[in-house]
Each structure stands twice: as C-alpha cells, then as structure tokens.
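In: whatever this is, show me its structure:
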Amino acid sequence: MIAATQPAEIAPAFCQGIQYYGTSWPGFAEHAARPAIAEGGKAIVGANAPGAAYQTLLAADALRYLTLQVCGAKASGHPGGFASSAEAYASLVMLGHTNIVTEVGHHAPGFYSAMFLDRSLEDMGIHTVQQMRDRFREKHGLLGHLSGAIPGLLAPAGPLGQGQHFAMAGALLHPGVLFPVTIGDGGMGEPYVLNAMMHFNTAYPKATNYLPVLIWNGYSQEHHAMCSTWSNEQMTAYWKGHGFESVFLVDAKQFDDQDQAGAYVDSTAFSFDRRLAFAGAVLQAADHAAKQALSGRRAVLIVKQLKGAGVHKLGAKAHNLYPADTLDAEPIVEGLKRRALSPEAWQRVRDNFSRAGGGPAAKTVVTEHVLDIAPLPALPMREFAQGDKQVPATAFGALVAAVGQADARFVVTNADGNEASAMANINQALKIRHPVEDALYNQAPGGQVYEPLNEDACAGLAAGLALFGARSVWLSYESFAINGWPIVQTVTQAMAELRRKTPSFVCMFTAGALEQGRNGWTHQRPEIENYFAAQMRNGNVYPLFPCDANQIQAAYAWALGTHNKGIAIIASKSPLPVYTTLDQARQGVEQGAVTLHESAGGDKTVVFAVTGDMVLLPVFEAKDRLEAAGRRVRIVSVANPRRLYRPTDVAWNTVSEPDGGFMADADFDALFDGDVLIGVTGGPSGPLEPVMLRTRAARRDVFAWQRGETTASAGEIMAFNGMTAEAMAARAMALLG
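Out: I've put the predicted structure just below:
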C-alpha cells in the first residue's frame, strides 16, 4: 500500500491525471478479482458478501484521493469534512442507494469525485481525472459548492441546515426509494435540522424512507463542533428524542489499534485489518439503517471519526485548502501517496460505482427526470365587481384549495396559521396535517397543510418539493418570511441552472406591515421585499404585488403556469376595494403594470406608480385632492415589476426556462409619462427600481416604508411613515412648481 509511481499506460484511460499510484492491497486477488456489484446488478449481494467490505474500503480511499487531488489542483476547496464521511458514502453506493443529498456544501469535491467515478460527469464532458482537475471551481465546471445542475446530483448545498428538506421532499414524492442525507456535526449547530425532521416525522409517520447520515467528526469549519463533548449515549438520546427509533452509531475509536488520543480518531491510521473491520462495520450499519428506513422505521446512521481522516491534515485544519496548499506542497503530496491505489483498484471502483443503483446517477436518480404531476382543471376564478370590498388573501385561498383538491401531492406549508391570514378556506378544504383528528380545527392525519411553527421548515419542504418536481406553496406573514427565505434563494438559484423543467416555487406573504399596527414593529418587517427586489435581476425571480382580489387570482394562475422560477406574492388580509376586472388583472400581471385610474381632464399630469394594495387607499385620496386642484392624475398598479426592467438589466437569458418578456418602451411611456412621477409602496423602495430607472419624468419622488411602530390602525402606521394623502398631494404640487 506504499505509493509508487507506475507507468501511466497500464492505468485505465479515465485515470489520466492521477499523480500517484500504489501497489495492490493484501488480498486483492482474493477479494477484488471481480467487482462486488455484478454486471447487470444494482448493489452488492449483501453486506456480508465476499469482498463487499474490502471493495467498500477501496471506494472510500478512491474518494479520498480524488477529493484531495482535485482540491490541490486549485489550492482551493474543502477536503476534510468529506474525508471523514468516505466509508459512509461508499457504503451507501455499494448498497445501491445513490439518491444521496447533503446539507454540507463543503462536501462538494467528494460528491463530484463520486459522480466522476460512476461516469455521471461524462455528461458534461469530463472523462478523465485531469479534466476534472481542470474544471474544478471554474465557470461552466464544478462549482465550489454543490449544485443540482451537476449531472447526478439531486440538490444544491451551500448554507448549513438545508439538506434534510430535500431528503424529506424526495421521501414524500418517491415512496420505496431511499434518500440518504449527510449532515455534518458543524451543521448540528443549526437548530432547524432535527427540529424540521421531528415535525416531519410526526406529520408523515409513514414517510420513513429518508436516512440522516451524521458525520460526527468533532470539528466544524474552524473549531471544535459544539457537540464534540457529547458521549455516544448523549448523541443517541438526542436523535431518539427527535423521533428516530433506530440509531446506528459506528465509532472508529472502538477499532483503533494505534492508541490515538482523544474521542475522535483517524481510521486510515489503523492497521489494514482494523481498517477493513471498521469499513465492514459501517457497511453493516448502513445496510441495517437503510432496510429499517425502507420498512417503516425511522433510522439514522452516525459515523464517528476524526475530521480529515485520510487526507493532508486532521481536525479543522483539514477543512479547506489555502493558496500554499498546491499539489507540490509536502502535506498534499504525502496525503496523496498514503491514499494512492493501484490501477487495478481504480478500475474495480469504477466498475462498482458505474453499476450501483442501476447505472450512473446522471441516468438513474429521481431528479434526472421530469416528475409526472396531476393535470389541473380550470381554476374557479371569481370575478369580483369593481368597487366592492374583498379580501385578497381569501380569494387566493380559494384557488389554493382547488389546486390541492386536484393534486393529491400538493402541499401547503404555513407556520403562523392560515386562519390568521384570512385563508381558513384552505384549511377547510385541505385540512391541517396532524395526528389528532379534530373537525373544529380542520385537522386530520391525511391533511395537505403542513404547519410546523418554524418558517425554515415551512419554506424548506415547499422549496424541496418544487425543486424535485411537485407543486407546493409556502404561506407566511411577510414579517416572518425572512426566517425561511434563504432556502428559497438557494432553490430558485438552483432552478435557474436545472437541465429539466420543474414547477415554479410559489409563496404568498400576508399581513404586511400596514395591517399589523397593534402588533407593533415585531410584525412590521417589510424590508424583505428589498430582498425579492434584488433577486429580480437574477432572471427567474418575480415578486408580485396584486392590487386587489381579482389580481391576486390572476397572479396565482400565472404562477402555476410557469417553470423554474421563484414567485413571491405579497397581499393583504383585509377587505379592500376591487379596482380591476379580471382581464385588467391578467394584463397587469402579464405585462407588469396596469392603469387603475386616469383623470378625464386637468392641466398637468401626476403619475402614481404603486406596488401593493392597502397603500392605494391614501393614493386615491391624494388623487381626489389633486383633481380638485385641477390636476390630471394617473394611478398605475405595478403588479409585476420584473416585467418593467429593460432586458439588459436582468440576466434572463442565462437561466433555464428563460422568460424574455419585458414591457416595450412605448407601452412603458404610455403608463408612466407625466409631469411628475411619484412611486408609492407599502414596503421598501426596491421593487420600484425598474420604474425609476426607465421613467422620463425629471421630477419624481418615492413614498416608502421607513420603520415600524405600535399604532391603532393601518392609517396611523402609514402616517407615521409619511404615507398620507395630504403628504402625497403636497409633494406632487411642490414638484409641479
């Protein structure tokens, strides 16, 4: 097993770029003369099959070698965390479970190595190790953190605490398929990981076919993990306390024959026999855990070994490479030589990985195909009469209920209660998913409304379902949405890169700041709208601001017909005037904006460009004041501001399912030209940017949210922020001179 340079010509062609080869391991002819996964097979015959543990260990070291060499090729990347997971990952593959996701973006080079070994990366023109080295952390190559755009990978991974959502979404959509999700003990510092799984376990007790795989290596990114002091018994109790019935914990310390200090040890430093015993134990545990998860019992696999096991350094120092960590640096060279395999061993690993699961992951994992979903009937659109007062949220809820009744896999997620947002009609039709059936509270074990009191869990499951190809909708208070938005950002970016169609991710935020006077500033956080606004330039993110109950129906109907986009609908839960017909409502959503009012006469024109619904109340009052003073007023609802950018403002042509629909200059000018333009929004000013960029009005201003306060009414909070009819009319008159 000592590294030795061998003639490159005796190695398989895919090995071009491997710098060091080793001699064959003891017993290679006995245990690896033939692939453990037979030709035409999808997995090893069994965890105890001859050669199974031996070839699993070969695969683990192959993964370690490639991970370190690929990172070293760019003196960049993160080899240490994945290195301590190598036996676990290799075991899952050898058992045929290749629908693997992770919450650890830093494991990317290991996942790429697996996709190389199973030939998935050939779909992007990567056939050799050298080509993988060249394209690691490069544009149009293998980005530094995981992306579902890479052939064979199911989902992105970047911020910690997200991967479990993808595994749970996969479990719901594909019963009978196992979805392992690797979790780092650094990520255990995120409170949402097990919190989210515990609620899921309670709500979906039969969906046990996802398998958390904790890589417990004692360190996070730059220091000891917060759970590094726990005993094995404490860790086991922690998982059992979150609803996992079977905890399979394999501790490398119990196999150590080198007297390594500390609770966490490097299995690659063991004698060969003990290394093989450890790999066999992980393989056995993975097999038992997988079988239990697939047979209705909630299981978790925990592998405890030191971070960096088998690469260039140990502990947090193994986490990432720095500019000095090149392939010529002594620690990298020595690490590669320790892990070097013989050419025959490389071929054996390639044979097994390319057969596992039925073939390369790029051909076999569930996300490589468009998911068949139920067709929707015509939505029960209701046209409310102009001038009536109707609740936008309730009108929206009726359509959501219809979608759920037509699509049994449709899931609605909500943390703070649909009834509190004037959408009790959703709960009445679809039922809150709960183990206690109670008609009074519209709850039932088979409900389609998922209500963990955690916005991350709400956004995560809904986003995961959309990414994996199903319909969903996340409902939240605007003020709380920020707690779940990071995974939406992750998923919408992933959707922009996908090589397949998937339903757009849709969310709707109610109880905007203006409605939450008595609740005070804790419920007045519309600044998230600036987050949406910034993402509009990505090319596939659309914040929608319907102006009334007709337009919110048009907005949701439009969203349901789109693909690979992130769509946030912002609306009120109070009775508000209806300004549009359904045709006008659709026009506003499709084209970006629509005129709600234009004066019959007047000597100078004041244009109000408005996002939102409730904030139109003072705008229409300001209109009355200005018309009484002889001015001409046009009120334009900006329903879909993404449409109002210029094509060059947005990266629309760089995304999957590109949408190049932008309002033409002539149409824009017809809506927004005037002597004065005043932008008005109940939230921050960001969504009005496209209007302000394109307007030809030299005299313009913006009325927008400033800060929260406790008030007795929406009118009072608007006044606190300077958004009164009197102030708007006075500003218009001042600008007119």
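
In: just confirm residue 494 contacts residue 467, I think it does.
Out: Yes - between residue 494 and residue 467 there is a contact at 6.1 Å, judged by CB atoms under 8 Å. In short, each C-beta sits where N, CA and C put it, glycine included.

In: neighbour count for these two, which is higher?
Out: residue 467 (29 against 25; other CB atoms under 10 Å).

In: and the residue positioned nearest the centre of the chain, which of the three is it?
Out: Nearest to the geometric centre of the chain sits residue 491, at 3.5 Å (CA atoms, centre = their mean). Here residue 491 is helix, with the state taken from DSSP: H, G, I helix; E, B strand; the rest coil.

In: ok, it - contacts?
Out: Taking CB atoms under 8 Å, 6 or more residues apart in numbering as the contact definition, residue 491 lies against 156, 463-464, 466-467, 505, 566.

In: could you redo the last one with a cut-off of 7 Å?
Out: 463, 466-467, 505 (CB atoms under 7 Å, 6 or more residues apart in numbering).

In: tell me, please, the helix or strand in the chain that averages the lowest pLDDT.
Out: strand 3-4 (a mean of 46; mean pLDDT, DSSP states H and E).

In: the helix or strand just after that strand packs against which elements?
Out: Toward the C-terminus, strand 3-4 is succeeded by strand 21-22 as the next helix or strand (DSSP states H and E). Counting contacts by 3 or more CB pairs under 7 Å, 6 or more residues apart in numbering; DSSP states H and E, strand 21-22 packs against strand 3-4.

In: for residue 113, see how far away residue 133 is.
Out: 11 Å (CB to CB, to the nearest Å).

In: can you point out the buried residues in stretch 342-360?
Out: 342-357, 360 (16 or more other CB atoms under 10 Å).

In: among the residues you listed, which are in helices?
Out: Members of the buried residues of stretch 342-360 lying in helices (criterion: DSSP state H): 343-355.

In: which parts of the stretch 1-150 of the chain are helices?
Out: 28-31, 52-74, 80-83, 86-94, 108-117, 129-135 (DSSP state H, counting those that start in this stretch).

In: hmm, back to that, which pLDDT value goes with the residue nearest to the centre of the chain?
Out: Here the pLDDT value assigned to residue 491 is 96.

In: ok, residue 42 next?
Out: The predicted local confidence for residue 42 is 98.

In: that one - how many residues pack around it?
Out: By other CB under 10 Å, neighbour count at residue 42 equals 16.

In: ditto for residue 33
Out: Residues near residue 33, counting by other CB under 10 Å: 10.

In: residue 273 now?
Out: Look at residue 273: counted by other CB under 10 Å, it has 11 neighbours.

In: who touches the helix or strand harbouring it?
Out: According to DSSP H and E, residue 273 maps onto helix 272-294. Residues outside helix 272-294 that contact it (CB under 7 Å, 6+ apart) are 26, 47, 52-54, 56-57, 60, 87-88, 91-92, 94-95, 97, 178, 208-211, 246, 248, 250, 252, 255, 257, 267-268, 270, 299-301, 303.

In: kindly report the same for stretch 154-166.
Out: Residues from elsewhere that reach stretch 154-166 (CB under 7 Å, 6+ apart): 99, 101-105, 145-148, 181, 183, 186-187, 190, 192-193, 196-197, 212, 365, 367, 460-461, 463-464, 467, 486-487, 490, 494.

In: pull out the buried positions in that stretch.
Out: Buried residues in stretch 154-166, defined by neighbour count with 16+ other CB under 10 Å: 154-166.

In: mind putting those into JSON lines with secondary structure, distance to residue 401 and pLDDT?
Out: Listed next are those as JSON lines, based on DSSP: H, G, I helix; E, B strand; the rest coil; distance: CB to CB, whole Å; pLDDT from 0 to 100:
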{"residue": "154", "secondary structure": "coil", "distance to residue 401": "31", "pLDDT": "96"}
{"residue": "155", "secondary structure": "coil", "distance to residue 401": "29", "pLDDT": "95"}
{"residue": "156", "secondary structure": "coil", "distance to residue 401": "31", "pLDDT": "94"}
{"residue": "157", "secondary structure": "coil", "distance to residue 401": "34", "pLDDT": "92"}
{"residue": "158", "secondary structure": "coil", "distance to residue 401": "34", "pLDDT": "80"}
{"residue": "159", "secondary structure": "coil", "distance to residue 401": "33", "pLDDT": "81"}
{"residue": "160", "secondary structure": "coil", "distance to residue 401": "35", "pLDDT": "82"}
{"residue": "161", "secondary structure": "coil", "distance to residue 401": "31", "pLDDT": "83"}
{"residue": "162", "secondary structure": "coil", "distance to residue 401": "29", "pLDDT": "91"}
{"residue": "163", "secondary structure": "helix", "distance to residue 401": "31", "pLDDT": "92"}
{"residue": "164", "secondary structure": "helix", "distance to residue 401": "29", "pLDDT": "94"}
{"residue": "165", "secondary structure": "helix", "distance to residue 401": "24", "pLDDT": "96"}
{"residue": "166", "secondary structure": "helix", "distance to residue 401": "27", "pLDDT": "97"}
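
In: residue contacts, residue 342?
Out: 21-24.

In: domains in this protein, as residue ranges please.
Out: Domain ranges of the chain: 3-368, 389-736, per automatic domain parsing.

In: any low-confidence regions in the protein?
Out: 1-9, 189-191 (pLDDT under 70).

In: so what's residue 197 up against?
Out: Contacts of residue 197 (CB under 7 Å, 6+ apart): 164, 212, 242.

In: state the distance from residue 161 to residue 301.
Out: Counting by CB to CB - residue 161 and residue 301 are separated by 19 Å.

In: returning to what we had before: can you redo the domains of the chain as TSV with distance to residue 382?
Out: As requested, these are exported to TSV (distance: least, CB to CB, whole Å):
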stretch	distance to residue 382
domain 3-368	31
domain 389-736	7
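
In: and of these, who's closest to residue 378?
Out: Comparison of the domains of the chain against residue 378 by CB to CB identifies domain 389-736 as nearest, at 9.3 Å.

In: so residue 133 and residue 113 - more neighbours on which side?
Out: Taking other CB under 10 Å, residue 133 and residue 113 do not tie; residue 113 has more neighbours (28 against 21).

In: give the contact list for residue 119.
Out: So residue 119 contacts 354, 360 (CB under 7 Å, 6+ apart).

In: any idea how far residue 99 is from it?
Out: Applying CB to CB to residue 119 and residue 99 gives a distance of 17 Å.

In: equivalent analysis for residue 619, please.
Out: Distance from residue 619 to residue 99, by CB to CB: 52 Å.

In: cool, and residue 470?
Out: 15 Å.

In: which SS class is residue 702?
Out: strand.
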